[in-house]
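J.: The sequence and its predicted three-dimensional model are supplied below.
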Amino acid sequence: MDNLTRLLESASLLDAHEHFMSFCLLAAQRSKDPCTQVGACVVDRQGNLIGSGYNGMPRGCHDDEFPWGKRSEDPLENKHLYVCHAELNAIANTTGTMNDCVIYVTLFPCNECAKLIIQNGISEVVYLSDKHAHKKSTVAAKAMFDSAGVKYWQFKSKKKITVEFEDLQDRVAPRIVL
Ligand SMILES: O=c1ccn([C@H]2C[C@H](O)[C@@H](COP(=O)(O)O)O2)c(=O)[nH]1
Ligand SMILES: [Zn+2]
């Protein structure tokens with residue numbers, strides 16, 4: 001890539017997919033899960049972000065009372081029985097219809113989230129990581145999406161976005177590093 005192209009591209013805006021997936025990555029930073037932070041957002045066909053969430057304990061269930069580990073032999077001492085998934089929280093935080101909306105999520109949805117996505121009429125899933133692709137929950141989720149006609153595709157980009165708050169005191173836009 002020559003310098004002029006690089007300059008022009010670095011000055012260009014984020015496209016919609018980059019914008020919403022970046023938003024999910026920022027939302028994921030709020031998660032207290034020490035192993036897998038997940039962010040999700042629901043976007044309507046006009047391009048409006050109408051709900052978002054990240055994986056966390058249910059409202060009123062404090063992190064000091066519930067576990068974040070996953071290695072105990074006792075399932076009651078592991079996070080999985082308690083944690084609300086990012087997609088669940090994004091959907092719960094959305095007001096109004098989700099018919100034909102798109103959900104962006106940093107990790108491919110599990111089977112339980114797939115059911116929620118389908119039952120709420122969401123028609124497209126854009127995901128970043130498929131690190132649980134080998135798990136039965138992911139295989140089941142894909143089978144349900146295929147059957148229900150929910151489109152899903154993996155977001156890929158080589159862009160790097162650096163947000164430096166200090167830097168922003170003098171400039172209005174984050175620096176996009178290519
Ligand atoms: O559809 C999903 C699947 C998982 N999550 C969350 C739930 C947990 O907090 C982590 C998974 O933990 P691992 O340590 O990778 O098993 O991801 C989600 O939000 N949405
Ligand atoms: Zn899930």
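T.: Sure thing, it's come through. Ligands and ions are numbered 1, 2, ... in the order given.

J.: got any ranges where this protein has weak pLDDT?
T.: Across the chain, the ranges flagged by pLDDT under 70 are 1-12, 167-168, 171-178.

J.: any chance you could map the helices in it?
T.: Listed from the start of the chain, the chain has helices (DSSP state H) covering 3-11, 16-28, 86-92, 111-119, 136-148, 165-168.

J.: how about those in a markdown table, adding distance to ligand 1 and mean neighbour count?
T.: Where C-beta positions appear, they are placed from N, C-alpha and C, glycine not excepted. Written out in a markdown table, the entries for the helices of the chain read as follows (distance: least, C-beta to the nearest ligand atom, whole Å; neighbours: other C-beta atoms under 10 Å):
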| stretch | distance to ligand 1 | mean neighbour count |
| --- | --- | --- |
| helix 3-11 | 32 | 10 |
| helix 16-28 | 9 | 19 |
| helix 86-92 | 4 | 24 |
| helix 111-119 | 4 | 19 |
| helix 136-148 | 8 | 15 |
| helix 165-168 | 27 | 9 |
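
J.: doesn't Ala86 make contact with Glu112?
T.: No: counting by C-beta atoms under 8 Å, Ala86 is not a contact partner of Glu112; they are 12.0 Å apart.

J.: Compute the first-to-last residue distance for stretch 161-170.
T.: End-to-end distance for stretch 161-170: 18 Å, by C-alpha to C-alpha, to the nearest Å.

J.: And stretch 38-57, by the same measure?
T.: The first-to-last residue distance of stretch 38-57 comes to 13 Å (C-alpha to C-alpha).

J.: thinking Ile50 is in contact with Thr94, fair?
T.: Yes: under the criterion of C-beta under 8 Å, Ile50 makes contact with Thr94 at 5.2 Å.

J.: Neighbour count for the two, which is higher?
T.: Thr94 (21 against 17; other C-beta atoms under 10 Å).
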